[in-house]
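In: what's the 3D shape of this:
(2 chains)
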Amino acid sequence: GENVEQHPSTLSVQEGDSAVIKCTYSDSASNYFPWYKQELGKGPQLIIDIRSNVGEKKDQRIAVTLNKTAKHFSLHITETQPEDSAVYFCAASIAGGYQKVTFGTGTKLQVIP
Amino acid sequence: NAGVTQTPKFRILKIGQSMTLQCTQDMNHNYMYWYRQDPGMGLKLIYYSVGAGITDKGEVPNGYNVSRSTTEDFPLRLELAAPSQTSVYFCASSLGGGGEQYFGPGTRLTVT
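Out: Predicted structure coming up:
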């Protein structure tokens, strides 16, 4: 089955700096890679996703890159703000039909004002 | 739309007790899931359903049961609660398989 590894497990950055979280996956058939943000006491919420026919996707201060050959993808947050502090999960799946989503173990991001 | 709702928010159980965690979604999603999240850990899939009347086991199904009699509801039953079931439980739904999942706010369960 699919295996997703996520690093680092914790990350502290100064407000305004950039943050990068990296994930690797094992199943070359995976073609959908979402990122979820979990704020304290809440359920995870999708913030950005990328499909395997795209190398990069951007949404304001958030971007995701995908390297299919190396089987890794990354989340980039620029100009970090205190409200970016949360736990971030990467995930991998095969979109369409039933395929379960495999989640990484999460990265706790702390943005220091 | 309320999205995915879960009840209760918190619960303390004694060892050996049973309970049902409720989950309802109003987005007409076919797929529904139950995850548990242990402190500092990721999400582990307990059970999932691809439609009313169809359920299947995930990674960690032991000690749990589910049913899916309607599209909207996907309750999770804990029989004979054990301390190892202390966790935060999340219900989620998705329109299609392998795509974006919408999560409920979670139920924090403590078994003592």
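
In: Look up how far B:Pro105 lies from whichever residue of chain A sits closest to chain B.
Out: When scored by CB to the nearest CB, chain A has A:Gly43 as its residue closest to chain B, at 3.2 Å. To be clear about C-beta, it is placed using only N, CA and C from the backbone, and glycine gets the same treatment. A:Gly43 sits at a distance of 5 Å from B:Pro105 (criterion: CB to CB, to the nearest Å).

In: Flag the helix or strand of chain A with the lowest per-element mean pLDDT.
Out: strand A:102-103 (a mean of 91; mean pLDDT, DSSP states H and E).

In: roughly how far is that one from the heart of the chain?
Out: Here strand A:102-103 is found 11 Å from its chain centre; the criterion is CA atoms, centre = their mean, to the nearest Å.

In: picking that back up, find the nearest non-adjacent residue to the residue of chain A closest to chain B, please.
Out: B:Phe103 (3.2 Å; CB to CB, 6 or more residues apart in numbering or on different chains).

In: for that neighbour, what are its contacts?
Out: B:Phe103 makes contact with A:36, A:43-45, B:4, B:90-92 under the criterion CB atoms under 8 Å, 6 or more residues apart in numbering or on different chains.

In: And it, what's its pLDDT?
Out: Looking at B:Phe103, its pLDDT reads 96.

In: thought the residue of chain A closest to chain B was touching B:Ser93?
Out: No: between A:Gly43 and B:Ser93 there is no contact under CB atoms under 8 Å: 11.2 Å.

In: Pull the number of nearby residues for residue 35.
Out: If you meant another chain, say so; for now it's chain A. By the criterion of other CB atoms under 10 Å in any protein chain shown, A:Trp35 has 22 neighbours.

In: Chain B, not that one
Out: Counted with other CB under 10 Å, B:Tyr35 comes out at 27.

In: still on that earlier bit, and the residue of chain A closest to chain B, how far is that from A:Ala91?
Out: 14 Å.

In: out of those two, which sits in the busier spot?
Out: Comparing A:Gly43 with A:Ala91 by other CB under 10 Å, the one with more neighbours is A:Ala91, at 27 against 23.

In: so the more buried one is in which element?
Out: strand A:86-92 (DSSP states H and E).

In: any idea of the mean pLDDT in that strand?
Out: 96.

In: Chain B: strands as residue ranges?
Out: For chain B, the strands defined by DSSP state E cover B:4-7, B:10-13, B:19-25, B:31-37, B:43-51, B:54-57, B:64-66, B:76-78, B:87-94, B:102-103, B:107-111.

In: Apart from its chain neighbours, what residue comes closest to B:Arg5?
Out: Quick fix: residue B:5 is Thr, not Arg. B:Thr24 (5.2 Å).

In: swap in B:Glu100?
Out: A:Leu46 (5.1 Å).

In: I'd say the one you found and A:Gln38 touch.
Out: No: look at A:Leu46 against A:Gln38 with CB under 8 Å: they stay out of range, at 10.9 Å.
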